[in-house]
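K.L.:
Here you go, sequence then predicted model.
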Amino acid sequence: MKYICLAYMEPGKLQGMTEAEQHAMLDACFDYDDHLRAHGHFTAGEGLQPPETALTLYWKNGKVATTDGPYAETKDQLGGILVLEARDLNHAIQLISRHPGLKLGPWEIRPAADLNEMMKESEQRRAQTAP
């Protein structure tokens, strides 16, 4: 089963480390990602640029509106995502609990939604209304 893992970072935590500590942390994270890949657990993942590069889109008064930065005002900042393949939630927790990035901030783990049936039904509805 796929799990989406959202890695949050405490602002300034990585930047507050010495260069050697930063390198050690990043090397440990990438090494663990390689371990997850080698064992078939790392499906995909991406790091994110800082929150000040974000743009949030939302629906307001019948049209699309935007705001700079992340929508939610939180202390921790979303730093990256990882798509994990695990047997179940307990297995996903075991795998992420060993990730060195956990020392930089909390991780959120959510089961990926299986939208196949919903997509199939939508496709059938759209086919019936197509000209």
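P.N.:
Received it, and whenever you're ready, just let me know what you need. Residues are numbered from 1 along each chain as shown.

K.L.:
Can you tell me the SS state at residue 12?
P.N.:
coil (DSSP: H, G, I helix; E, B strand; the rest coil).

K.L.:
contacting residues around residue 88?
P.N.:
residue 1 (C-beta atoms under 8 Å, 6 or more residues apart in numbering). (C-beta placed from N, C-alpha, C; glycine too.)

K.L.:
Can you tell me which residue is spatially central in this protein?
P.N.:
By C-alpha atoms, centre = their mean, the chain has its centre lying nearest to residue 81, at 2.2 Å.

K.L.:
ok so that one is a strand residue?
P.N.:
Yes: assessed by three-state DSSP, residue 81 belongs to a strand.

K.L.:
That one contacts residue 4, correct?
P.N.:
Yes: look at residue 81 against residue 4 with C-beta atoms under 8 Å: they come within range, at 6.4 Å.

K.L.:
Quick check: buried residues in whichever helix in the chain runs longest?
P.N.:
Secondary structure of the chain per DSSP state H: the longest helix is helix 19-38. For helix 19-38, a neighbour-count test (16 or more other C-beta atoms under 10 Å) marks 25, 29, 32-33, 36 as buried.

K.L.:
Show me what that helix is packed against.
P.N.:
strand 42-47 (3 or more C-beta pairs under 8 Å, 6 or more residues apart in numbering; DSSP states H and E).

K.L.:
Now with 10 Å, please.
P.N.:
Applying 3 or more C-beta pairs under 10 Å, 6 or more residues apart in numbering; DSSP states H and E, one finds that helix 19-38 makes contact with strand 42-47, strand 77-85, helix 89-97.

K.L.:
Nearest to residue 109, out of those?
P.N.:
helix 89-97 (5.3 Å; C-beta to C-beta).

K.L.:
what does that closest one rub up against?
P.N.:
1-5, 7, 32, 35-36, 39, 41-42, 82, 84-88, 102, 107-111 (C-beta atoms under 10 Å, 6 or more residues apart in numbering).
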